[in-house]
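Q: can't give you the sequence, but here's the structure:
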């Protein structure tokens with residue numbers, strides 16, 4: 001992990017953000033020699049949510065139950081205009 005003073009981080013913020021984004025570099029920001037913040041890649045700060053598998057999606061729809069008549073969204077919209 002790279003370390004940078006607050007003054008250095010302020011002067012080179014764009015470059016530090018580019019390094020985090022493109023090279024997954026983490027930078028610890030120091031104020032008076034003590035850690036106060038960090039610049040990290042987005043996936044470190046905000047972990048992505050896992051996507052549902054097709055099986056999980058099918059189970060969710062099955063749990064909701066089947067509707068008597070299924071209409072497409074377009075058909076539903078058109079029916080509302082008449």
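A: Yep, that arrived. Treat the numbers as computed from the prediction; the structure is a model and nothing was measured.
Q: ranges for the strands of this structure?
A: In the chain, the strands defined using DSSP state E lie at 2-5, 27-31, 34-39.
Q: quick one: low-confidence ranges for this structure?
A: 66-71, 82 (pLDDT under 70).
Q: related to what we said a few turns ago, next, format the strands of the chain as TSV and append distance to residue 49.
A: Where you see a C-beta, it was placed from the backbone N, CA and C, and this is true even at glycine. What follows is the strands of the chain, written out as TSV (distance: least, Cβ to Cβ, whole Å):
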stretch	distance to residue 49
strand 2-5	29
strand 27-31	26
strand 34-39	22
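Q: deepest-packed of those strands, please.
A: Highest mean neighbour count among the strands of the chain (mean count of other Cβ atoms under 10 Å): strand 27-31, with a mean of 17.
Q: quick check: angle from it to strand 34-39?
A: With axes from the mean of the first three to the mean of the last three Cα atoms, to 10 degrees applied, the angle from strand 27-31 to strand 34-39 works out at 140 degrees.
Q: tell me where the protein has helices.
A: Counting by DSSP state H, the chain has these helices, from start to end: 6-11, 13-23, 42-45, 54-64, 73-81.
Q: closest one to residue 31 among those?
A: Nearest to residue 31, of all the helices of the chain, is helix 6-11, at 4.8 Å by Cβ to Cβ.
Q: just list what that closest one packs against, helices and strands only.
A: Judged by 3 or more Cβ pairs under 8 Å, 6 or more residues apart in numbering; DSSP states H and E, the packing partners of helix 6-11 are strand 27-31.
Q: who touches the strand it packs on?
A: Strand 27-31 is contacted by residues 1-6, 9, 16, 19-20, 35-40 when judged by Cβ atoms under 8 Å, 6 or more residues apart in numbering.
Q: need the max-distance pair from those.
A: Greatest spacing in the contacts of strand 27-31, by Cβ to Cβ: 19 and 36 (18.9 Å).
Q: thinking again about what came up before, columns mean neighbour count on top of the helices of the chain, output as JSON lines?
A: As requested, these are exported to JSON lines (neighbours: other Cβ atoms under 10 Å):
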{"stretch": "helix 6-11", "mean neighbour count": "14"}
{"stretch": "helix 13-23", "mean neighbour count": "13"}
{"stretch": "helix 42-45", "mean neighbour count": "10"}
{"stretch": "helix 54-64", "mean neighbour count": "9"}
{"stretch": "helix 73-81", "mean neighbour count": "8"}
